[in-house]
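Chemist: Just the structure for this:
(2 chains)
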Amino acid sequence: GEDVEQSLFLSVREGDSSVINCTYTDSSSTYLYWYKQEPGAGLQLLTYIFSNMDMKQDQRLTVLLNKKDKHLSLRIADTQTGDSAIYFCALKTGGFKTIFGAGTRLFVKA
Amino acid sequence: GAVVSQHPSRVICKSGTSVKIECRSLDFQATTMFWYRQFPKQSLMLMATSNEGSKATYEQGVEKDKFLINHASLTLSTLTVTSAHPEDSSFYICSAADGNEQYFGPGTRLTVT
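Modeler: Below is the predicted model:
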């Protein structure tokens, strides 16, 4: 079946860039998402990219998609303490079904 | 933007009782609603997908008789955890789709004592 993998932890200093990586197995995914979850809260959609795109930039967020390697990344520029959260990579497969990675816990040190 | 609400946000119940969680799309009609379960420090696991007016489609390993899903209108879906046990304690998140995009609710934390 489909599989989405992420590293579990990332620690960066405030002001540095954060890069969160995700690999997946389903090559038929049409939309690829990044969600943010703060403690005890639901999911907030940060950004998404269509499968026919290589890159998308949205303010401090840059999404890179390498379809050949089935690799998706999220870069957060000028990381702030408020960016500390869990970041989920997710893929939409056929029929609106969305598959989530395990989430990467981002720690931002002041 | 589209808003999805869940009620209650937190619930504590005794083992053996049933708990109902509501999911509402506040400003759009949701053709499809999804229910996810999230264990501590783990990802979201899709439990079931429901379309308005029809039976829910459950993922493999999810007991349909234990997790009853009703999607009676385009703005409301309910998840009832029947005969709850401590191992059912979890964070339950619903999601509603309007045909273009999927929007997530804030989640309901269920604790079964």
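Chemist: tell me what the worst-scoring helix or strand of chain B on mean pLDDT is packed against?
Modeler: Least confident helix or strand, chain B: strand B:102-104 with a mean of 86, by mean pLDDT, DSSP states H and E. Counting contacts by 3 or more CB pairs under 8 Å, 6 or more residues apart in numbering or on different chains; DSSP states H and E, strand B:102-104 packs against strand A:43-50, strand B:90-97. All C-beta spots, glycine's among them, are computed from the backbone N, C-alpha and C.
Chemist: Show me the strands paired with it, marking each as parallel or antiparallel.
Modeler: Here strand B:102-104 has these sheet partners by DSSP bridges: strand B:90-97 (antiparallel).
Chemist: got the buried residues for the helix or strand that A:S73 is a member of?
Modeler: Assessed by DSSP states H and E, A:S73 sits inside strand A:71-76. Buried residues in strand A:71-76, counted by 16 or more other CB atoms under 10 Å in any protein chain shown: A:72-76.
Chemist: Spell out which residues of chain B are next to chain A.
Modeler: Counting by CB under 8 Å from any CB of the partner chain, chain B comes close to chain A at B:6, B:32, B:34, B:41-44, B:46, B:49, B:93, B:95, B:97, B:102-107, B:109.
Chemist: so where is chain B shaky, pLDDT-wise?
Modeler: For chain B, residues meeting the criterion pLDDT under 70 lie at B:1.
Chemist: just the strands in it please.
Modeler: Along chain B, the segments classed as strands by DSSP state E run B:4-7, B:10-13, B:19-25, B:32-38, B:44-51, B:57-58, B:67-73, B:76-81, B:90-97, B:102-104, B:108-112.
Chemist: want to throw those into JSON lines with distance to A:I20 and mean neighbour count?
Modeler: JSON lines is the format used below for the strands of chain B (distance: least, CB to CB, whole Å; neighbours: other CB atoms under 10 Å in any protein chain shown):
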{"stretch": "strand B:4-7", "distance to A:I20": "25", "mean neighbour count": "18"}
{"stretch": "strand B:10-13", "distance to A:I20": "29", "mean neighbour count": "14"}
{"stretch": "strand B:19-25", "distance to A:I20": "28", "mean neighbour count": "20"}
{"stretch": "strand B:32-38", "distance to A:I20": "18", "mean neighbour count": "24"}
{"stretch": "strand B:44-51", "distance to A:I20": "17", "mean neighbour count": "21"}
{"stretch": "strand B:57-58", "distance to A:I20": "31", "mean neighbour count": "17"}
{"stretch": "strand B:67-73", "distance to A:I20": "31", "mean neighbour count": "18"}
{"stretch": "strand B:76-81", "distance to A:I20": "30", "mean neighbour count": "21"}
{"stretch": "strand B:90-97", "distance to A:I20": "20", "mean neighbour count": "24"}
{"stretch": "strand B:102-104", "distance to A:I20": "19", "mean neighbour count": "23"}
{"stretch": "strand B:108-112", "distance to A:I20": "25", "mean neighbour count": "18"}
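Chemist: Between those strands, which one is closest to A:T30.
Modeler: With CB to CB, the closest approach to A:T30 among those belongs to strand B:102-104: 12.4 Å.
Chemist: residue ranges for the strands of chain A, please.
Modeler: Ranges of strands within chain A are A:4-6, A:9-13, A:18-24, A:31-37, A:43-50, A:55-58, A:61-66, A:71-76, A:85-92, A:98-100, A:104-109, based on DSSP E.
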